[in-house]
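Visitor: Mind folding the following:
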Amino acid sequence: MFKLNSNQWSTFTQSESRVVILPLQPQKANSDTDALAKPSLTTTDTKVNTENQQTQISQNSQLLETLLSHLLKYGVLLASSVVLFGGILYLLHHGAEPAQYQFFHGEPSEFRSPTGVVRAVMSGSRRGIIQLGLLLLIATPILRVVVSLLVFVKQRNWIYVTITTLVLTALIYSLVGAYY
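Guide: As a prediction, the model looks like this:
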């Protein structure tokens with residue numbers, strides 16, 4: 001280090017010193033309460049533990065957000081691709097037919113349930129492929145809720161587990177309840 005003394009620079013050395021705190025252990029407990037007393041953490045240790053927990057929570061939250069965003073992104077891309085593929089096949093086969101809007105025709109019964117859609121796809125139905133893409137689009141947010149539920153169970157965050165279970169129950173009921 002350099003130090004300014006009356007318009008002259010001079011060097012000096014500074015010795016490094018280290019303070020070591022050693023806890024003293026009592027030789028003999030005076031009473032039962034002294035024997036049961038546990039050593040407490042110092043405030044520095046508590047701060048470090050709190051900071052480590054906050055860092056771990058923020059890393060888990062970031063990982064969950066990344067996982068869910070990828071799930072939604074790729075789920076929508078997959079569903080859109082299946083609908084586009086089915087639409088192209090449908091237009092190649094039925095594109096030249098004139099549209100008949102005089103009468104309303106509801107969905108055929110085979111497209112009113114997920115199992116019916118799967119059967120239609122297996123039989124080669126172009127409309128079935130489009131319906132499958134729509135089912136995938138509906139299933140994407142449901143899968144997101146399922147993944148969130150599994151992550152919250154792993155983290156043992158019971159408040160979020162309860163809320164996510166209620167949301168999942170409502171989603172499944174709205175999807176399946178119409179068929180029964």
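
Visitor: I'd like the next helix or strand past the helix or strand where residue 66 lies.
Guide: In this structure, residue 66 is located in helix 43-94 according to DSSP states H and E. Secondary structure here is assigned by DSSP H and E; on that basis, the next helix or strand after helix 43-94 toward the C-terminus is helix 114-122.

Visitor: Quick check: the nearest residue to residue 168 once chain neighbours are set aside vs residue 123, distance?
Guide: Excluding its sequence neighbours, the residue lying closest to residue 168 (C-beta to C-beta, 6 or more residues apart in numbering) is residue 145, at 4.9 Å. For every residue, glycine as well, the C-beta is placed using N, CA and C. When distance is defined by C-beta to C-beta, to the nearest Å, residue 145 is 31 Å away from residue 123.

Visitor: and those two? which has more neighbours close in?
Guide: Taking residue 145 and residue 123 together and counting by other C-beta atoms under 10 Å, residue 145 has the greater number of neighbours (18 against 9).

Visitor: Isn't the more buried one up against residue 167?
Guide: Yes. Residue 145 is in contact with residue 167 according to C-beta atoms under 8 Å; the separation is 5.6 Å.

Visitor: residue contacts, the residue nearest to residue 168?
Guide: Residues in contact with residue 145 (C-beta atoms under 8 Å, 6 or more residues apart in numbering) are 164, 167, 168, 171.

Visitor: and what of residue 176?
Guide: With the criterion set at C-beta under 8 Å, 6+ apart, residue 176 makes contact with nothing.

Visitor: shaky segments in this protein?
Guide: 1-17, 19-54, 56-57, 178-180 (pLDDT under 70).

Visitor: how about a cut-off of 90?
Guide: In the prediction, the chain carries residues with pLDDT under 90 at positions 1-67, 93-117, 124-125, 151, 154-157, 172-180.
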